[in-house]
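Q: Got a predicted structure plus its sequence, pasted below:
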Amino acid sequence: MPSPASILVVDDEPRWLETLGHVLTSAGYDVRPACGGEAALDSVATRLPDVILLEIRLPDLINIDEFIAERQRAEARITRLTQLYLALSQCNQSIVHSSSMEELLPKICRDVVEFGGLKMAWIGLVDEATGAVRSAASYGAGTDYLKGVKASTDAREATGRGPTGTSIRENRPVWCQDFQSDPMTAPWHEPGARYGWMSAASLPLHLGGRAIGAFVMYGDRPNAFEEDVRNLLVEMVNEVDFALESFAREKERRRGEEALRDLNSYLEAATVTAEELAVKAESAARAKSEFLALMSHELRTPLNGVLGFAELLSGTRLDEEQEEYTRTIIDSGNHLLDVVNDILDFSSIEKGRMQIESVPIVIATLVEATCRAIWKAAADKGLEFRCVIAGDIPAEITGDSRRLRQILINLLGNAVKFTQLGSVVLVVSPASLDGCPALDFSVEDSGPGIDPETLGRLFKPFAQADSTVSRQFEGTGLGLAISRRLAEAMGGTLEVESAPGLGSKFTFRLPIGHPPRSLSEEEITDAPRSDAASGLPQSAGTPRPPEGSLIFVVEDDAANRLLAGKMIEHLGCRVEFASNGLEAVDAFLPGKYSAILMDMQMPVMDGMEATRKIRELESGPRTPIIALTANVMPGDREFCLEGGMDEFLSKPFKLGDLERMLARFLQP
């Protein structure tokens, strides 16, 4: 129901106030009595009524009409500024959710009209060849008229001396407070009157430090662009300029060699495929694990070629743009590999095959390396990212450093992914668990928070905060389920505190058994830093295989065969090839090869059968045979060793992995 009309009753006689107030209240009105003019002014200053019943012969009533008129003008001004603040906010939202200039321009024209209370807005861009200004986007009263309008930046033409041409040519805002009488707008007085354009503003848009067009707006009354309004519009256009620069940089970044773009597209498509397959496999846990193991093999085989050649490419002479594309390929490939590993980890946990190691861990080193891996993603989004280590925690503990880092990477990565503004903070502090010493690794963000319904299923496999097909963020929905199970496997806990609009805090509590020594101040501030070079692995201090060693590569995949050969040649060794096990057996001569790299799955004859036949042919020293395989499920390595192979190298492998493996077997 609508609220009752408010009536201010003003009289200096209390009995009349009471009588009239009773009558009006009985009639359903909201009555506000005021005994005297001063009380009436106080009431009006608080809130304007709908109607005023006034005894005009009041000794203390002065200029109430002027007072009310001034208040109405002030409220109207506040309303206009509120509209423009809302338009500015909506414009910023449009910038955030737009990926190109073509997508953004229509949105901001709509924003200033619908939310800013303006009559019409359009954006004109300069044609470099002719100097003409052509409409790129428009919204509001008179947009159809713009289709036949020609504007210019040439001051010799009447259309070039208008607000649009002048603001672009002189690179400054132009304000026309009376559109119908300003000589600058003379060519457009007739359509302006038709569409209700009473005032105009034109602000130049910039790209690369020069004016490329103008943002033109029309008000529905003269003097619509007061000083506060002008300041807000200048701020809005500055935000648009920044967005245009960002779009231009992004467009430039995406240019590059066609081969690199093709590889990146392949990786993105493969990632989507892997995630879709993971979701479809949810209904049958046992069949899912077997299926995912097969998919791991099929994805690792091409990934070995993609990541391996990208690693070799990064060690060649590249310009800055090519280095960026190469890093993108490596990052995308590693993301796909992380997805595959997440799926396999979950499969192993489900089967009870997850092994937890116990090795010394230097907390400062682990935290610093983990934060370094996340820092760039946070910096790219403009987030404040901090890691805080309490001074009274142990310097070293015993545990599974790889699994601990896996949990922290997952929690920090999620925090950065879902936080659009603000900060992400990792805090390491002392705690206790069941009366025993423990460490808390807390990741707190200023993101959107999580509603209670989603919290209830957050740690379930394949669960996501947004599970719709149009969800904004990618992912398998396995990360938190794996992290909690890993935490529990290490005797710890993983809990979350969150509420919508208040951010989230994930706390991983890890028992540490016994309290070793604490960190000194120097260790906290000067945590060790490992090399982060993006080129080929540094081999200082690592034994190398003897130069000239002849390595026999048995591999059916042409890309992986070529990759292995290039890596071997990079290490100073010679190489020969076979594309299946039968060719390898036919080419083998005792003592000919320093080592054999044997793929497991090949046509004609597989790697296990070829290994058995080669062992039968040997008559002298044993030739090292190293399995090259994309099979990484528990038991695969033992299967290879039992079949006569000497070691196991899983795909995808890096140059450094191959170097260490060959050096181990070929040292004199």
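A: The structure has been received and is ready for your questions. Numbers count the residues shown, from 1 in each chain.
Q: List the residues that contact Ala5.
A: For Ala5, the contact set (C-beta atoms under 8 Å, 6 or more residues apart in numbering) comprises 29-30, 50-51. C-beta here means a position set from N, CA and C on the backbone, and glycine is covered the same way.
Q: Which of these ranks first by neighbour count?
A: For the contacts of Ala5, the largest neighbour count, defined by other C-beta atoms under 10 Å, is 17 neighbours, found at Tyr29.
Q: buried residues in the stretch of helix or strand Leu277 belongs to?
A: Leu277 belongs to helix 258-280 when elements are defined using DSSP states H and E. For helix 258-280, the buried set under the neighbour-count rule, 16 or more other C-beta atoms under 10 Å, comprises 260, 263-264, 266-267, 270-271, 274-275, 277-278.
Q: hmm, back to that, please produce TSV containing the contacts of Ala5, extended by pLDDT and secondary structure.
A: Below are the contacts of Ala5 laid out as TSV (pLDDT from 0 to 100; DSSP: H, G, I helix; E, B strand; the rest coil):
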residue	pLDDT	secondary structure
Tyr29	84	coil
Asp30	85	strand
Asp50	74	coil
Val51	77	strand
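Q: With respect to Tyr139, which of these is nearest?
A: Nearest to Tyr139 among the contacts of Ala5: Asp50, at 34.4 Å, using C-beta to C-beta.
Q: show me where the stretch 301-450 of the chain has strands.
A: Assigned by DSSP state E, counting those that start in this stretch, the strands in the stretch 301-450 of the chain fall at 359-362, 384-389, 396-399, 423-433, 436-445.
Q: hmm, back to that, just give me the least confident of the buried residues of helix 258-280.
A: The pLDDT minimum for the buried residues of helix 258-280 sits at Ala278, where the score is 69.
Q: low-confidence ranges in the stretch 451-600 of the chain?
A: Where the stretch 451-600 of the chain drops to pLDDT under 70, the residues are 461-477, 513-542.
Q: which residues in it form helices?
A: 452-455, 479-489, 521-525, 558-570, 581-587 (DSSP state H, counting those that start in this stretch).
Q: Thr25: which of the ones you listed is closest?
A: Nearest to Thr25 among the helices of the stretch 451-600 of the chain is helix 452-455; the distance by C-beta to C-beta comes to 45.1 Å.
Q: in the closest one, what's buried?
A: Applying 16+ other C-beta under 10 Å to helix 452-455 flags 454-455 as buried.
Q: Now His653: closest residue in space that isn't a chain neighbour?
A: Slight slip there: residue 653 is Phe, not His. Spatial nearest neighbour of Phe653, excluding adjacent residues (C-beta to C-beta, 6 or more residues apart in numbering): Asn304 at 6.8 Å.
Q: Am I right that that neighbour is in contact with Asn560?
A: Yes - contact criterion C-beta atoms under 8 Å: Asn304 and Asn560 qualify, at 5.5 Å.
Q: Now for the two: what residues contact both?
A: In terms of C-beta under 8 Å, 6+ apart, Asn304 and Asn560 are both contacted by the residues Lys651.
Q: So between those two, which is more surrounded?
A: More neighbours surround Asn304 than the other of Asn304 and Asn560, with 25 against 22 (other C-beta under 10 Å).
Q: Distance check, the more buried one against Ala630.
A: Look at Asn304 and Ala630: by C-beta to C-beta, to the nearest Å, they are 7 Å apart.
Q: next one: Pro302
A: 9 Å.
Q: go on, Met645?
A: For Met645, the distance to Ala630 equals 15 Å [C-beta to C-beta].
Q: How about Ser594?
A: According to C-beta to C-beta, Ser594 stands 24 Å off from Ala630.
Q: who's more crowded, these two?
A: Counted by other C-beta under 10 Å, Ser594 and Ala630 do not tie: Ala630 has more neighbours, with 23 against 19.
Q: Quick check, pLDDT for that one.
A: We have a pLDDT of 72 for Ala630.
Q: before we move on, what about Glu290?
A: On pLDDT, Glu290 comes in at 61.
Q: what's the answer for the one 4 residues further on, then?
A: According to the per-residue confidence, Leu294 scores 63 in pLDDT.
Q: Run through who's touching stretch 177-195.
A: Outside stretch 177-195, the residues that touch it by C-beta under 8 Å, 6+ apart are 119-120, 141-142, 145, 158-159, 161-163, 166, 174, 176, 197-200, 218, 222-225.
Q: Now with 7 Å, please.
A: 120, 141-142, 145, 158-159, 161-163, 176, 197-200, 222-223, 225 (C-beta atoms under 7 Å, 6 or more residues apart in numbering).
Q: Kindly report the same for stretch 7-14.
A: Under the criterion C-beta under 7 Å, 6+ apart, residues 17, 20-21, 24, 29-37, 40, 43, 49-55, 58 lie in contact with stretch 7-14.
Q: I'd like to know which of the contacts of Ala5 is nearest to Thr370.
A: Closest approach between the contacts of Ala5 and Thr370, by C-beta to C-beta: Asp30, at 62.6 Å.
Q: Enumerate every residue touching the closest one.
A: Counting by C-beta under 7 Å, 6+ apart, Asp30 touches 4-7.
Q: Can you flag the buried ones in those?
A: Buried, going by 16+ other C-beta under 10 Å: 6-7, out of the contacts of Asp30.
Q: Inside strands: which ones of the contacts of Asp30?
A: When strands are assigned by DSSP state E, the members of the contacts of Asp30 inside them are 6-7.
Q: Give me the residue at the spatial middle of the chain.
A: Centroid check for the chain by C-alpha atoms, centre = their mean gives Lys417 as the closest residue, at 4.9 Å.
Q: Distance-wise, check that one relative to Leu383.
A: Using C-beta to C-beta, we find Lys417 at a distance of 11 Å from Leu383.
Q: Next, count neighbours for the nearest residue to Phe441 once chain neighbours are set aside.
A: The shortest distance from Phe441 to any non-neighbouring residue, by C-beta to C-beta, 6+ apart, is to Phe508 (4.5 Å). For Phe508, the neighbour count with other C-beta under 10 Å is 23.
Q: same check, this time on Met605
A: The local packing of Met605 (other C-beta under 10 Å) involves 16 other residues.
Q: Likewise for the one 4 residues further on?
A: Around Glu609 there are 15 other residues, counting by other C-beta under 10 Å.
Q: Tell me how far it lies from Gly644.
A: Distance of Glu609 to Gly644, computed by C-beta to C-beta: 10 Å.
Q: Could you do Gly208 as well?
A: Going from Gly208 to Gly644 by C-beta to C-beta gives 65 Å.
Q: Who has more neighbours out of these two?
A: Shown here are Gly208 and Gly644; by other C-beta under 10 Å, Gly644 has more neighbours (17 against 8).
Q: wait, doesn't that one sit right on Thr611?
A: Yes - assessed by C-beta atoms under 7 Å, Gly644 is found in contact with Thr611 at 4.6 Å.
Q: Do I have it right that Leu104 meets Phe242?
A: No - with contact defined as C-beta under 7 Å, Leu104 does not reach Phe242; the gap is 11.3 Å.
Q: Just the terminal-to-terminal distance for stretch 124-132.
A: Using C-alpha to C-alpha, to the nearest Å, one end of stretch 124-132 lies 9 Å from the other.
Q: what's next to that stretch, contact-wise?
A: Residues from elsewhere that reach stretch 124-132, judged by C-beta under 7 Å, 6+ apart: 133-136, 150-154, 164, 168, 212-214, 216.
Q: same thing with stretch 110-123?
A: With contact meaning C-beta under 7 Å, 6+ apart, stretch 110-123 is reached by 80, 83-84, 86-87, 90-91, 94, 105, 109, 135-143, 146, 195-197, 213, 215-220.
Q: try 6 Å
A: For stretch 110-123, contacts defined as C-beta atoms under 6 Å, 6 or more residues apart in numbering pick out 83-84, 86-87, 90-91, 105, 109, 135-142, 146, 196-197, 215-220.
Q: Please pick the buried ones from these.
A: By 16+ other C-beta under 10 Å, the contacts of stretch 110-123 give 83-84, 87, 90-91, 105, 109, 135-142, 146, 196-197, 215-220 as buried.
Q: Can you pick out the ones from those residues that are in helices?
A: 83-84, 87, 90-91, 105, 109, 146 (DSSP state H).
Q: from those, which single one is nearest Glu323?
A: Nearest to Glu323 among these: Leu105, at 32.8 Å, using C-beta to C-beta.
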